[in-house]
Every structure is written in C-alpha cells, then in structure tokens.
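Undergrad: Structure, please.
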Amino acid sequence: MPNYAAFARIKGEVFAVTWAVPEGRVTTYATVGEHLGVMARYVAYILATLTEEERLDVPWHRALPRARSSAQQRRALRAARSRLHVSAMRG
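TA: The predicted structure is shown next:
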C-alpha cells in the first residue's frame, strides 16, 4: 500500500475490528475487509506483519482466512482454538 497515512488508518481499523470480535469467537479476513471497505488480502497482510509487541496486544488469532470447504473450516477453527489456548497460557 503506497499511501502510508491510509495504511496506518486501515491498520488501526483492522486492530479495532479484531478487538471487537468476542473472545472465543472468530471471523474471516474477508468479513473484516468488507466491514472496512478494503480487500481481505490487506487484512491478511496487516495481521501477518505484526510486530512482536502488536502480536502480544492484538487478538490476531480471531481472524482467519475464508475456508473453501467445511473440512478446511474445521481445520482453521481447530488451529484458531489452539492459538487461543497458547495465547491464554502466555498472558
């Protein structure tokens, strides 16, 4: 994203929407992107490039890629639950 001011704004909004997802629930990059009017790939990029400090602060594990099948969705949910468990043990 070449416009750094816009990127910083979107990044802050992605953080806010991610924080708004209730604990124990998940959403998709596409849903976050639709809410903010940006493509899912921007949401994925922002959450994939968090600093270590941001990783500890932002509940990034509440946003997942959109699964293409129910089996993929189950695997993604299991992975998210596992990340939630690890996150809870750290914090």
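Undergrad: From here on, just use CA atoms for contacts and neighbour counts.
TA: Will do.
Undergrad: Going by residue numbers, what spans are helices in the chain?
TA: For the chain, the helices identified by DSSP state H occupy 4-20, 29-36, 40-48, 52-57, 70-90, in order along the chain.
Undergrad: among those, which is nearest Ala63?
TA: Nearest to Ala63 among the helices of the chain is helix 29-36; the distance by CA to CA comes to 5.8 Å.
Undergrad: State the pLDDT value of the spatially most central residue of the chain.
TA: For the chain, the residue lying nearest the average C-alpha position, counting by CA atoms, centre = their mean, turns out to be Ala63 (3.3 Å). Residue-level confidence at Ala63 comes out at 92, pLDDT.
Undergrad: what does Lys11 give?
TA: If you check Lys11, the pLDDT there is 96.
Undergrad: Enumerate every residue touching Leu36.
TA: For Leu36, the residues meeting the contact criterion (CA atoms under 8 Å, 6 or more residues apart in numbering) are 10, 13-14.
Undergrad: May I ask which of those has the most neighbours?
TA: Counting by other CA atoms under 10 Å, Val14 has the largest number of neighbours within these, with 26 neighbours.
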